[in-house]
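K.L.:
coords please:
(one chain, ligands or ions: 1)
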Amino acid sequence: MLIIGEKLNGAIRSVAEAIKNRDGEFIKDLAVRQLDSRVDYLDICSGVAEGDADILGWMIGLIQNARPDVRFSIDSPNPDTITASIPLCKNPGIINSISLERDKADKIFSAAGKKDWKIIALLLDDTGIPENVEKRIDNFHRIVKKAEEYGIAFDRLYFDPLVFTVGSSPDSFINFIETSKRIREEYPGAHIVSGLSNISYGLPYRKALNHAFLIGAMMFGMDSAIMDPLNRDMLSGVYAAEALLGIDEYCIEYLSAYRDDLFGVQK
Ligand code: THG
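P.N.:
Okay, the predicted model is just below:
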């Protein structure tokens, strides 16, 4: 499972505050704590439209200075911010994200076509939030076709069926797994990703919902998630599910994570 650390997001109040004050120590600490847990990529999102690229550039420099081996997931709705951020990164990362909105996919596919970056594709177009599974699958086919036109290898794409809070979208999880199932039936190796903490927005005791989502979605092929890597219950959930699903043969990874006390339960 590819784990993308979610904490450096301007939608989180304390992070927004640190960005506003250019509090490098706060940002660096949050980066290092995630990297010292278990994370493959660090998602970075400014949470603002104005000065988005400058903020991400500042974060990239700061974090890369402390940890040159870091890999970023550049999280911006603005394709120009993404194309400006890519050359600043020493290591290949993830483009988060493209969609069929306006010329977003074309812009990014033509700029990043030859690079070794993974690309998250939201199953979204200009008509807005896809209301059902059929629309998501239609968007999936259109994105696959476009990627082919630009010569983007299918394996670089991570499809995000989109997750909304179950507090106001009762079908959110069902739509997610139904979409994943359909994609996997057609392309068994397709990568599926989610911003899984979205599922619990506005609800109490979020980790119960996040945890249930994680296990359920992994059963239907989700192999990557933007999630909280500082939450030990979520981390142990990833390892436990991989063991049960036969992805982690003989529980080798599970045992090693336990021994390294990644679950935070050893005395
Ligand atoms: N898809 C893609 N990218 C995304 C999202 C997506 N990027 C942003 C978002 N959605 C995923 N990132 C977050 C980051 C933080 C939270 C939710 C989603 C969040 N965090 C709480 C906090 O830190 O205060 C705590 C969460 C918890 O209790 O576990 O709410 O869908 N491609």
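K.L.:
Can you read off the pLDDT for the residue in the chain positioned nearest to the ligand?
P.N.:
The ligand sits closest to residue 195 of the chain, with a gap of 2.3 Å, by Cβ to the nearest ligand atom. (Each C-beta comes from the backbone N, C-alpha and C, glycine too.) According to the predicted model, the pLDDT of residue 195 comes to 98.
K.L.:
just residue 99 next, same as before
P.N.:
97.
K.L.:
For the residue most central in space within the chain, what is the enclosing helix or strand?
P.N.:
Closest residue to the average C-alpha location of the chain: residue 226 at 3.4 Å, with Cα atoms, centre = their mean. Per DSSP states H and E, residue 226 falls inside strand 222-227.
K.L.:
what residues are up against the residue nearest to the centre of the chain?
P.N.:
4, 5, 6, 43, 73, 96, 193, 194, 195, 196, 197 (Cβ atoms under 8 Å, 6 or more residues apart in numbering).
K.L.:
Among these, which ones are in strands?
P.N.:
4, 5, 6, 43, 73, 96, 193, 194, 195 (DSSP state E).
K.L.:
Surely the first one is in contact with residue 39?
P.N.:
Spelled out, that is residue 4. Yes: here residue 4 reaches residue 39: they are 7.2 Å apart, a contact under Cβ atoms under 8 Å.
K.L.:
the more surrounded of these two?
P.N.:
For residue 4 versus residue 39, neighbours defined as other Cβ atoms under 10 Å are more numerous around residue 4 (28 against 24).
K.L.:
List the contacts of that one.
P.N.:
With contact set as Cβ under 8 Å, 6+ apart, residue 4 has these partners: 39-43, 73, 94, 96, 193, 224-227.
K.L.:
can you give me the strands for this protein?
P.N.:
Going by DSSP E, the chain shows strands at 2-9, 41-45, 72-75, 94-100, 118-125, 157-160, 191-195, 222-227.
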